[in-house]
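Peer 1: Here is the input, now give the coordinates:
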Amino acid sequence: MAEQILTLSTKHLLGIKDLTTRDIELIFETADTFKDVLNRPIKKVPSLRDITIANIFFENSTRTRLSFELAQKRLSADTVNFAASSSSVSKGETLIDTVNNILSMKVDMVVMRHPYAGAGIFLSKHVNAQIVNAGDGAHEHPTQALLDAFSIREKYGEVRGKKIAIIGDVLHSRVALSNILCLQKLGAEVMVCGPSTLIPKYIGTLGVKIEHDLLKALNWCDVANMLRIQLERQDIKYFPSLREYSMMYGLNKQILNSLDKEITVMHPGPINRGVEITSDVADSKQSIILDQVENGVAIRMAVLYLLANQRNQ
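Peer 2: Here you go, the predicted structure:
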């Protein structure tokens, strides 16, 4: 009997909303295996030896791009890296032209970050390659949500029944929406917390709790995911100053020690130390921020591997 090839229910990874709960569990189970690989002396497997992947970033990125590149190299894929700022895009070339030019070089998969929401969805309808969304505007960032949920599962054994507070600039965050959808599919309770100007009006329709008092949110949750203030996306002033924001919504060791229970602290990065989180919290034993970074490689290996499997069916 032929061995069953494990694949996702979707051809692309455009957003968490397209994944089933079984898809997410399959990604986690596959990531468990790859995490073992990453802890071996030889950290490489030949799984994607015949696959060529283009990393196309229209926005600045450090951790996500490096994490994807490392995942691809660990899987033995061939990679092409493309930065929009130093390309023909700056000369007026369109998104479809750019990608079609890259695909004409026989690329199998495209990992793309773009400043506009829905860019990955648009692209998937116009080019013949598998698309992985590495973040589109303030819309979704699916692999970040997967690695966050995977890190919670690693810490607690399961995500179901856990209470997660997403704190900070929810309005401009692609991480927040993907996290909410992913955590809910896995059976967690989700709360968003921040100043009312940074909480989207529609957020209640997603079935999340809303809180504007940081201490109440922290005492409610098992895990606090602290979001970065995204000044580069803010076209108007949403709060008086960073100092005032930090006083109202910044997490420091004094607040952490005053809570009724020990909670886990997460951050998708990059951290604005001293704004949403202080250094002594980021570097404390309650923080799993570096675990998130490590898990990011295993999760992205799992996603690329499972999507590539569809080519073999």
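
Peer 1: so residue 140 touches residue 121, yeah?
Peer 2: No. Under the criterion of Cβ atoms under 8 Å, residue 140 makes no contact with residue 121, lying 9.6 Å away. Where C-beta positions appear, they are placed from N, C-alpha and C, glycine not excepted.

Peer 1: who has more neighbours, these two?
Peer 2: Between residue 140 and residue 121, counted using other Cβ atoms under 10 Å, residue 140 has the larger neighbour count: 29 against 17.

Peer 1: Count the neighbours of the nearest residue to that one once chain neighbours are set aside for me.
Peer 2: Distance criterion Cβ to Cβ, 6 or more residues apart in numbering; nearest residue to residue 140, sequence neighbours excluded, is residue 15 at 4.1 Å. For residue 15, the number of neighbouring residues by other Cβ under 10 Å comes to 23.

Peer 1: My guess is residue 15 contacts residue 145. True?
Peer 2: No. Counting by Cβ under 8 Å, residue 15 does not reach residue 145; the two are 9.2 Å apart.

Peer 1: quick one: common contacting residues for the two?
Peer 2: Both residue 15 and residue 145 are in contact with 178, 181, where contact means Cβ atoms under 8 Å, 6 or more residues apart in numbering.

Peer 1: For stretch 47-58, list every residue counted as buried.
Peer 2: 47, 48, 51, 52, 53, 54, 55, 56, 57, 58 (16 or more other Cβ atoms under 10 Å).

Peer 1: Below-threshold pLDDT in this protein: ranges please.
Peer 2: For the chain, the stretches flagged by pLDDT under 70 are 1-5, 85-93, 230-240, 312-313.

Peer 1: could you pull out the helices for this protein?
Peer 2: For the chain, applying DSSP state H gives helices covering 21-38, 63-74, 95-103, 119-124, 142-156, 174-185, 214-220, 242-249, 253-258, 279-282, 289-309.

Peer 1: list the helices and strands the second one packs on?
Peer 2: In this case it means helix 63-74. helix 21-38, strand 52-57, strand 78-83, strand 109-114, strand 130-136, helix 142-156, helix 289-309 (3 or more Cβ pairs under 8 Å, 6 or more residues apart in numbering; DSSP states H and E).

Peer 1: what about 6 Å?
Peer 2: With contacts taken as 3 or more Cβ pairs under 6 Å, 6 or more residues apart in numbering; DSSP states H and E, helix 63-74 sits against strand 52-57, helix 289-309.

Peer 1: Over to the first one?
Peer 2: Helices and strands in packing contact with helix 21-38 are listed as helix 142-156, helix 289-309; criterion 3+ Cβ pairs under 6 Å, 6+ apart.

Peer 1: tilt between the last one and helix 21-38?
Peer 2: Spelled out, it's helix 289-309. Using axes from the mean of the first three to the mean of the last three Cα atoms, to 10 degrees, the inter-axis angle of helix 289-309 relative to helix 21-38 is 110 degrees.

Peer 1: Buried residues in helix 289-309, which are they?
Peer 2: Burial within helix 289-309, assessed by neighbour count using 16+ other Cβ under 10 Å, is assigned to 289, 291-309.
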